[in-house]
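>>> curious how this folds, go ahead:
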Amino acid sequence: MTPSERLQNTFGAAITDVSMVHGFPRLRLDKETLPLAAHFIHTHPELRGSLSLLWAVDHRPREARYELCYLFTLAAGRDWLLLCSDLQGDDRLFQSITPHIHAAKWYEREIRDLFGLIAQGHPDLRRL
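The predicted structure follows:
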């Protein structure tokens, strides 16, 4: 079973889209489920995902949304997996993954400074 299939089996309808981007899978999830999926990838013994990069995209004014993208390296660097989620309209809040994945700490603070998006539950949201 591929990592993408494993996530689809585990999170089902919360995954709204699956596609390939530059040769690796991208899964789009609702913002409530994304932290659970990130924790699953990070702790699953076969996936052993490490957060490699976390970034935000401002799609305004073309679309009234921000996009959060989490890139994981899987199983000793052989595979990649991209999780994405949207913040629609005036929504500026998302759930922090830092309490479970410490590599997200600086990324989430940077997203706050640059985009004004707030990682709820982050242990230290001081400006950088």
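>>> now the strands for this protein?
For the chain, the strands defined by DSSP state E occupy 15-21, 24-29, 50-58, 65-74, 79-88, 93-95, 118-120.
>>> so what does the fifth one touch, helix or strand wise?
Just to be clear, that refers to strand 79-88. Contacts defined by 3 or more Cβ pairs under 8 Å, 6 or more residues apart in numbering; DSSP states H and E place strand 79-88 against helix 3-11, strand 24-29, helix 34-43, strand 65-74, strand 93-95. In this view, the C-beta of every residue, glycine as well, is placed from N, C-alpha and C.
>>> just how off-centre is that strand within its chain?
Centroid displacement of strand 79-88 relative to its chain, using Cα atoms, centre = their mean, to the nearest Å, is 5 Å.
>>> tell me the angle it makes with strand 24-29.
Computed by axes from the mean of the first three to the mean of the last three Cα atoms, to 10 degrees, the angle separating strand 79-88 from strand 24-29 equals 30 degrees.
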